[in-house]
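# have a look; sequence and predicted model below, questions after that.
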Amino acid sequence: MSNKTYYITTPIYYPSGKLHIGNTYTTVFCDALRRYKDLRGYDTYYLTGMDEHGKKIETVAEEREMSPHDHVDEMAAETKALWDRLKISYDDFIRTTEKRHKTVVQKIFEKLLDQGDIYLGTYKGYYCMPCESFFTESQLGENNTCPDCGRETSQLEEESYFLKLSKYADRLLDFIEENPGFITPESRKNEVVSFLKQGLNDLSVSRTTFDWGIKVVSNPKHVVYVWIDALSNYLSALGYGTNDDALYQKYWHGDEVVHVVGKDILRFHAIYWPIMLMALDIPVNFKLHAHGFYMMKEGKMSKSKGGVIYPDTIINHYGLDELRYFLLRELPYGADGVFTPESFIERINFDLANDFGNLLNRTISMVNKYFEGTIEFDPNVTNDFDDSLESLIAETKDNYRESMETLKVSEAIRAVWKLISRTNKYIDETTPWILAKDENKKADLQNVMYHLVESLRHIGIMLTPILLDASHSLFNQLGIPESLQTWDSLQFGLLKETEVVKKPSPLFPRLDSDKEVDKLQSILRGEDKETQKPVDEDNLATIDDFNKLDMRIAKVVSAKYHPNADKLLVLQVDAGEAKPRQIVAGIAKHYSPESIEGKNVVVVVNLEPVKLRGEESNGMLLAGSNKKSLKLLTVEGLNPGDSVS
Ligand code: MSP
């Protein structure tokens, strides 16, 4: 029996500038939903990509003195690298400049032209370049300004093809009425309905005033207007209209199709897109979700207003889970949210470090202290507080599921945090430190520990789509087997026994609030010294200094924990010499001995030997690091002893 299918898409981004946390929100949001559906056992497919055509991109490329091709290639590579950093689990990244996309758009255009849904006419209007939008005179603001952004528009009259929106308006209205979940939130649906009720003008769908676009095959002086081009990506990426349309058949005609967009592009997706599909005789079987915007205290997130925050800045300083958590938790369903340094740091300190991280820490410490790290389930022992904790565990699963299914990710997270608070309260109620004083209460104490671990296991499962590293670490630290990390194992009592790690590693270190708020504020003002990292010009190394170092590839032959220091590993490495060389490295917090054995690392072998806590070290490993993580430099395809320069 095959699993239900789930196809989820982000809008495709304009390569007009670096993506800030506002635009990355949609991608993280879809990633969380996709991971949730994976957890539920769906056959999922996640599409994202880039919307690379249009006058605006042509202009940005010109300003950079680059060809549009080179510009979009560079932006696409940057964006993919960003998604990799954010561990976005996408399956495909479609670019509208790709041949596979162009062919489909041209086919769609010609088909609509042949059947009379597209016709040639004259376009008279006002164009706002930054918004890529045309307006009629009656839509303009004061002094003919753009009604959306307030900037100046320019007047245009040109030959253009038009899509007959008017022909489909009533059919679309009926469709919306008959399919209540088609557009969410409800308020957005109402916006669309009232817009439709005012009547639709036919949509201009081609341009002759610029080149950077997909040519209309039957009349190549026209390029296809960017929205028809862009929206088609949801089909072209699946191979629609080609010989290889298996993905299209499977996912578009499958069980669930979800488009997630920001509220600013609601109309395109709620009106033009279903009408295009109706005209093409393709089922309109998607659900559309339009979320609000992340704003800054001062208003819109915009580089020119000085209020932009980039995802890599947050990851460098605080970590990926911290960013994901904030983004997914802070934007309320259906409304706008605000990024402030204070709210960001508070969420880390209160929600992540205090409530969640501390619960895991305390639990592991107590299990070690009272039971030498091992506990088991004894259903015959109970206390007065078990029932209420157990029923909240069950209730949380239902609330979480319902919220995730209706795309209320922030509410799903809130439900999990309610369970976290309840579990913390359970510790206060059951007072394990008092039970521990009485030998006869051993079984009661174990029952309390068991409830804490079991509750945390449930919390970990529900957080897997949200906090990628922390949920993983939670399972490892609690010794939860993979079979009990699944959705189906969300049932109290399935864990029979476990052995937790000897020493907990904090999931989220508590931050110095004042210092970090200041730091974020200076990042926002563009004054952050740490990210600028100036080179110390007064203290430059000469080539001779550099050449003095003998750096080589070395294979880690064996590794063990240092007997007297928990931050150190003692390694034997083969650096191409007669016998292995011992190196002591401060990497035990980041690598276990097993995980490093067999790796080809880079070592400096001509350092003076030193004794570290009684163990001699004859060299140094090279690694990259920031505040949160450390990664050894490893090299594939070379042999021990090969030189590094
Ligand atoms: N290229 C079009 C989409 C075509 S889809 C067929 C586009 N691109 S965009 O790069 O301008 O925007 C991409 C997404 O980012 C949109 O969903 C937009 O709503 C979203 N956001 C841009 N700024 C945002 C915030 N400040 N907050 C949340 N989302 C924001 O539109």
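Received, thanks. Numbering: from 1, shown residues only.
# contact partners for the residue in the chain that the ligand sits nearest to?
Using CB to the nearest ligand atom, the point where the chain gets nearest to the ligand is residue 262, with a distance of 1.7 Å. Glycine gets a C-beta too; all of them are placed from N, C-alpha and C. When the contact criterion is CB atoms under 8 Å, 6 or more residues apart in numbering, the partners of residue 262 are 11, 23, 26, 290, 291, 292, 293.
# what does this protein have sitting close to the ligand?
By CB under 6 Å from any ligand atom, the part of the chain that sits against the ligand consists of 11-14, 22-23, 25-26, 51, 230-231, 233, 261-262, 264-265, 293-294, 301.
# now with 5 Å, please.
By CB under 5 Å from any ligand atom, the part of the chain that sits against the ligand consists of 11-14, 22-23, 25-26, 51, 230-231, 261-262, 264-265, 293-294, 301.
# among these, which are located in helices?
When these are checked against helices using DSSP state H, the ones located there are 22, 23, 25, 26, 230, 231.
# by neighbour count, which of these wins?
Per-residue neighbour counts (other CB atoms under 10 Å) across these peak at residue 230, which has 27 neighbours.
# which non-adjacent residue is nearest that one?
residue 51 (4.6 Å; CB to CB, 6 or more residues apart in numbering).
# verify the contact between the one you found and residue 96 for me.
Yes. The pair residue 51 / residue 96 is scored as a contact, 5.6 Å apart, by CB atoms under 8 Å.
# domains of this protein?
5-291, 367-499, 541-644 (automatic domain parsing).
# any stretches of the chain with poor pLDDT?
Within the chain, the stretches with pLDDT under 70 are 1-2, 303-306, 527-536, 538, 626-628.
# most distant residue from the middle of it?
residue 440 (49.4 Å; CA atoms, centre = their mean).
# now do the SS call for residue 462.
In terms of secondary structure, residue 462 is helix; the call rests on DSSP: H, G, I helix; E, B strand; the rest coil.
# hang on, it packs against residue 414?
No. Between residue 462 and residue 414 there is no contact under CB under 8 Å: 11.5 Å.
# those two: which is more packed in?
The residue with more neighbours, out of residue 462 and residue 414 and counting by other CB under 10 Å, is residue 462; that gives 24 against 15.
# ok, the more buried one - contacts?
Contacts were defined as CB under 8 Å, 6+ apart; by that measure residue 462 touches 396, 397, 400, 412, 416, 490.
# how about a markdown table for those residues, with neighbour count, distance to residue 622 and secondary structure added?
Written out in a markdown table, the entries for the contacts of residue 462 read as follows (neighbours: other CB atoms under 10 Å; distance: CB to CB, whole Å; DSSP: H, G, I helix; E, B strand; the rest coil):
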| residue | neighbour count | distance to residue 622 | secondary structure |
| --- | --- | --- | --- |
| 396 | 23 | 45 | helix |
| 397 | 20 | 46 | helix |
| 400 | 24 | 43 | helix |
| 412 | 27 | 42 | helix |
| 416 | 22 | 40 | helix |
| 490 | 20 | 43 | coil |
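# and the two most separated of those?
Across the contacts of residue 462, no pair lies farther apart than 412 and 490, at 13.3 Å, counting by CB to CB.
# re the thing from before, what residues are shared contacts of residue 51 and residue 96?
Both residue 51 and residue 96 are contacted by 12, 229, 230, 233, under the criterion CB under 8 Å, 6+ apart.
# could you work out the most separated pair of these?
Among the shared contacts of residue 51 and residue 96, 12 and 229 lie farthest apart (CB to CB), at 9.8 Å.
# between these two, which contacts overlap?
Between them, residue 12 and residue 229 share the contacting residues 51, 96, judged by CB under 8 Å, 6+ apart.
# settle it for me: which of the two has more neighbours?
Residue environment comparison for residue 12 versus residue 229 gives the larger neighbour count to residue 229, 27 against 23, counting by other CB under 10 Å.
# just give me how far stretch 634-641 sits from the chain centre.
Using CA atoms, centre = their mean, to the nearest Å, we find the averaged C-alpha position of stretch 634-641 to lie 33 Å away from the chain's own average C-alpha position.
# now tell me what touches it from outside.
In contact with stretch 634-641 (CB under 8 Å, 6+ apart) are residues 552-555, 573-577, 599-602, 644.
# shouldn't residue 327 be in contact with residue 25?
Yes. Counting by CB under 8 Å, residue 327 touches residue 25, with 5.2 Å between them.
# which residues are in contact with both of the two?
Residues touching both residue 327 and residue 25 (CB under 8 Å, 6+ apart) are residue 294.
# and stretch 612-620, which residues are buried?
Within stretch 612-620, the residues that count as buried by 16 or more other CB atoms under 10 Å are 612, 615, 617, 618, 619, 620.
# show me where the stretch 301-450 of the chain has helices.
In the stretch 301-450 of the chain, the helices defined using DSSP state H, counting those that start in this stretch lie at 311-317, 320-330, 341-346, 358-371, 386-405, 409-430, 432-435, 442-463.
# now those helices as a markdown table including distance to residue 42?
Converted to a markdown table, the helices of the stretch 301-450 of the chain look like this (distance: least, CB to CB, whole Å):
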| stretch | distance to residue 42 |
| --- | --- |
| helix 311-317 | 27 |
| helix 320-330 | 19 |
| helix 341-346 | 32 |
| helix 358-371 | 29 |
| helix 386-405 | 11 |
| helix 409-430 | 16 |
| helix 432-435 | 40 |
| helix 442-463 | 16 |
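# which among those is found nearest to residue 547?
Scanning those with CB to CB as the criterion, the closest one proves to be helix 311-317, at 31.5 Å.
# who are the packing partners of that closest one?
Using 3 or more CB pairs under 8 Å, 6 or more residues apart in numbering; DSSP states H and E, the elements in contact with helix 311-317 are helix 21-39, helix 68-85, helix 320-330, helix 513-524, helix 529-532.
# residue 216: which of these is closest?
Proximity of those to residue 216 was assessed by CB to CB; the nearest stretch is helix 68-85, lying at 18.6 Å.
# quick check: buried residues in the next helix or strand after the closest one?
Scanning forward in sequence from helix 68-85, with DSSP states H and E defining helices and strands, the next element found is strand 92-95. Within strand 92-95, the residues that count as buried by 16+ other CB under 10 Å are 93, 94, 95.
# got it, and stretch 183-199?
By 16+ other CB under 10 Å, the buried positions in stretch 183-199 come out as 183, 184, 185, 188, 189, 191, 192, 196.
# can you check stretch 4-12 too?
Of the residues in stretch 4-12, 5, 6, 7, 8, 9, 10, 11, 12 count as buried by neighbour count, 16+ other CB under 10 Å.
# and the gap between the nearest residue to residue 112 once chain neighbours are set aside and residue 210?
Nearest residue to residue 112, sequence neighbours excluded (CB to CB, 6+ apart): residue 118, at 4.3 Å. Distance, residue 118 to residue 210, using CB to CB, to the nearest Å: 19 Å.
# more neighbours: which of the two?
For the pair residue 118 and residue 210, the greater number of neighbours falls to residue 118 (23 against 14), based on other CB under 10 Å.
# torsion angles phi and psi at the more buried one?
The phi and psi values for residue 118, taken as degrees, to the nearest 10, are phi -120, psi 130.
# wait, isn't it in contact with residue 205?
Yes. With contacts defined as CB under 8 Å, residue 118 counts as touching residue 205 at a distance of 6.4 Å.
# common neighbours of those two, please.
109, 161, 162, 163.
# buried among the residues you listed? Need that as a selection in PyMOL.
To isolate in PyMOL the members of the shared contacts of residue 118 and residue 205 that are buried, counting by 16+ other CB under 10 Å, one can use:
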select buried, resi 109+161+162+163
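# what about the contacts of stretch 634-641, which one has the most neighbours?
When neighbours are taken as other CB under 10 Å, the top entry among those is residue 554 (31 neighbours).
# quick one: what helix or strand has that residue in it?
For residue 554, the element it lies in under DSSP H and E is strand 551-561.
# partners of that strand, with directions?
Sheet pairing here is set by DSSP bridges, and for strand 551-561 it gives strand 569-574 (antiparallel), strand 600-604 (antiparallel), strand 643-644 (antiparallel).
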